[in-house]
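Asks: predicted model and sequence below, questions to follow.
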Amino acid sequence: MAGRAHGVRGGERTGHHGASPARHNGPAPRDNIAWALSRSSALGLRRSALRQSLPALLVLGMVVLLWDKVAQLDLAFIRTALATLAPWQWLAACGFTAISFWALGRYDRVVHRLLQTSAPPKHAERAGIAAIAISQTVGMGVISSTFVRWRMLPDISLTQAARISALVSASFLSAWAVILSTAIILVPMSFPWGGWGRAVAGTILAVAALALLVSVLRPGPVAGLRLPPLRAVGAFLGLAMLDMTAAGAVLWVLLPDGCDVPFPVLLPAYILALGAGLISGTPGGMGGFEITLLAALPDIGHEPLLAAILAFRAVYYALPAGLAAVLTIRGPGARPAQGSGQGGARLRAVPGPHLPVPVTRALHTAARAETGLLRHGRLSLIENGGGTPIAMGAACGQSLIVVSDPIDPTRAPDRSLAEIKALAHEGFRSAFLYKIGGRTACAARRAGWHVLPIAREASLNPQRFTLDGSEKRQLRRKLRKADGAGVVVQRGGTNLPLTGMGQIASHWSRSHGGERGFSMGVWAPANLPFARVYLAFRHGQLVGFVTLHANANEHTLDLMRVDPTAPDGTMHALVTAAIAAAKAEGISRFSLAAVPLGTSLQEPPIHRNLRKLIDTASGAGGLRQFKATFAPQWETLYAAAPGVVALGVGVLEVTREIHRPVPKRPA
């Protein structure tokens, strides 16, 4: 068929008379398609062959360099050394092998937790153990382990299995590089490469330290990346170290009599050889592992060391691979009953503004209309195992940030807090509650959390609101100015002046150092059909607007934007009109939103500094004075976290998220 395709292409290229015009102008012939597919497959095979040949050539090069030493080996001595191994050595090796593979299974569990898969934890561990036992023996680690995980975990797709395998491989190699570099710096040993080994190790550790710093600070260029939290990084390093230590102990206890090698000397050499075997890509790392270990331990006789390696391969490779093959053929085990395993709370992305009907209903009856921020696409819905909405929040860096009070006002806050804390722990983060009311703050304090007053929310009852009274004298003066300047306020309908609103919003953003975000609304025309909009005109020209979150319980101010040429009092007129509309709809609570609490010299310095950060991030400025003109009631809002460090880190991350809002998630 390839030949036929070649002939067709040749005829077209040379203007063969047998080819009709329709053949040139119409769809490609099937032979051409087959030729293209076959050529693409051939190119893919060639690339794969090239990738596989490079490690083989590397191993071949090392074999050539050490061929003289290999040729001088005494094979009879190796057989004798194997025969001298005592039964307790084999048993101890099996025990250390079990510890190593237990750590590898937990490693897979960490990856599943980070990716929030639906696999039960025990199933994830079992699949990870089987995948690694088989892949380390047959080679082609990512490919072979992907198919084993896909077989053992029926709830995940092949793509998910490949993603898990790739993340396990990449993170393990990174942990291996850090652990090996640390060993090279701390433990004196002979290096095959000469004196520059310590320089390379120091560079790797410096890069790792920089990566951890970037993970915490998340500067602008990496703000949108999903970097693993420090707790997950610590789990990777701890489990990888346990795995390598136990595997090294397998080799150590299998050394024949006369090989008195201290374990601290053998372990770094084993870790180095392990990496060489992994990078080579050969089955069991064969070749690269042996040659590197022989070069790293020159003081040990080659025959005793090779005898130990043969025994090591039998216990650590052949035995687990055989058991894993049986396990894989049998297939996945019985799934746990509903409600067990990972049946707790979870984060559910709900890219707005069009939300699912159950979510829309929950927001309509939520305690706070501020839950309308879910439509902006940055925050996710936190729901329990049964799909009941709990709160809204986002996983940011080291924290699971929960914004505002729980969604269901009738739900016990203690229960919601426990589910939120468990969800944060599952993702290797700390829970951080932001702008919660007194009821939730009391529940957090009862649970032993650290609570910090951070803001004051201004609210009023539209049914009782009037312009009378001395406390509203300033408001009346502002309204008279706006009225005298010809400002007219009307509620926005379906045909909003988006161009004029966008210009006002853009000017506000430029003059305020950019849009805020996260827990504050941003200019997004797609969200306007789901918001209450009030427009201010002067002589037919748009000079300002406000948007509100609205539900059955309250209306809450969101965006407040005015043109620089707007008359004094324009914003006061817009908000007063919104309050009057809420009164007409029977709404009993109107929130003017929150402003930072400010600082006090009487409080601890750490609390004072954290409040300064929040004050700067929110751009408080004259907001307090503006809202005070409506003579509202003031309610203290709080931040809470299980520990002081988590509280400080949460404040820093909220500050960063507000100042540098991540682009909206795609629908």
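Replies: Noted; the coordinates are in hand. Bear in mind the structure is a predicted one, so any value in this text is a computation, not a measurement.

Asks: tell me, how many residues neighbour R163?
Replies: 17 (other Cβ atoms under 10 Å). For glycine as for every other residue, the C-beta is placed from the backbone atoms N, C-alpha and C.

Asks: so where's the stretch 251-400 of the chain uncertain?
Replies: Segments of the stretch 251-400 of the chain classed as low confidence (criterion: pLDDT under 70) are 281, 333-343.

Asks: would you state the helices of it in chain order?
Replies: 263-280, 288-296, 302-312, 319-330, 357-364 (DSSP state H, counting those that start in this stretch).

Asks: contacts for the helix or strand where V148 lies?
Replies: If you go by DSSP states H and E, V148 is part of helix 141-152. The contact list for helix 141-152 (Cβ atoms under 8 Å, 6 or more residues apart in numbering) reads 123, 126-128, 130-132, 134-135, 138, 156-158, 161-162, 164-166, 168-169, 278, 281, 324, 327-328, 331-332.

Asks: of those residues, buried ones?
Replies: Neighbour counting by 16 or more other Cβ atoms under 10 Å classes 123, 126-128, 130-132, 134-135, 138, 156, 161-162, 164-165, 168-169, 278, 281, 324, 327-328, 332 among the contacts of helix 141-152 as buried.

Asks: and A566, what does it touch?
Replies: With contacts taken as Cβ under 8 Å, 6+ apart, A566 has the following neighbours: V487, A536, R538, V543, G544.

Asks: for the last one, helix, strand, or coil?
Replies: Recorded secondary structure, G544: strand (DSSP: H, G, I helix; E, B strand; the rest coil).

Asks: what is the helix or strand hosting Q136 packed up against?
Replies: When secondary structure is defined by DSSP H and E, Q136 falls within helix 121-138. Here helix 121-138 touches helix 87-115, helix 141-152, helix 158-186, helix 319-330, going by 3 or more Cβ pairs under 8 Å, 6 or more residues apart in numbering; DSSP states H and E.

Asks: what helices and strands are in contact with the first one?
Replies: Other elements packing on helix 87-115 under the criterion 3+ Cβ pairs under 8 Å, 6+ apart are helix 121-138, helix 158-186, helix 230-253, helix 302-312, helix 319-330.

Asks: tilt between that helix and helix 158-186?
Replies: With axes from the mean of the first three to the mean of the last three Cα atoms, to 10 degrees defining the directions, helix 87-115 sits at 120 degrees from helix 158-186.

Asks: taking the mean pLDDT, what do you get for helix 87-115?
Replies: Mean pLDDT, helix 87-115: 94.

Asks: so how far is it off the chain centroid?
Replies: Relative to its chain's centre, helix 87-115 lies at 26 Å (Cα atoms, centre = their mean, to the nearest Å).

Asks: now that helix: buried residues?
Replies: In helix 87-115, counting by 16+ other Cβ under 10 Å, buried: 89, 92-93, 96-97, 99-114.

Asks: what do you get for the last one?
Replies: Neighbour counts using 16+ other Cβ under 10 Å place P320, A321, A324, A325, L327, T328 of helix 319-330 among the buried residues.

Asks: okay, angle between it and helix 87-115 too, please.
Replies: Inter-element angle recorded for helix 319-330 and helix 87-115: 50 degrees (by the same axes, to 10 degrees).

Asks: quick one: list the elements packing against helix 319-330.
Replies: Short answer (3+ Cβ pairs under 8 Å, 6+ apart): helix 319-330 packs on helix 87-115, helix 121-138, helix 141-152.

Asks: chain center to that helix: distance?
Replies: Using Cα atoms, centre = their mean, the offset of helix 319-330 from its chain centre is 33 Å.

Asks: quick revisit: with just CA atoms, put the helix holding V148 into PDB.
Replies: The C-alpha trace of helix 141-152 is given here as PDB (Å, rounded to 0.1, in the frame of the first residue of the first chain):
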ATOM      1  CA  GLY A 141       9.000   2.500  33.500                       C
ATOM      2  CA  VAL A 142       6.400   5.000  32.600                       C
ATOM      3  CA  ILE A 143       4.800   3.000  29.900                       C
ATOM      4  CA  SER A 144       4.600  -0.400  31.700                       C
ATOM      5  CA  SER A 145       3.500   1.200  35.000                       C
ATOM      6  CA  THR A 146       0.800   3.100  33.200                       C
ATOM      7  CA  PHE A 147      -0.900  -0.100  31.900                       C
ATOM      8  CA  VAL A 148      -0.500  -1.800  35.300                       C
ATOM      9  CA  ARG A 149      -2.200   1.100  37.100                       C
ATOM     10  CA  TRP A 150      -4.900   1.300  34.400                       C
ATOM     11  CA  ARG A 151      -5.600  -2.400  34.900                       C
ATOM     12  CA  MET A 152      -5.600  -2.200  38.700                       C
END
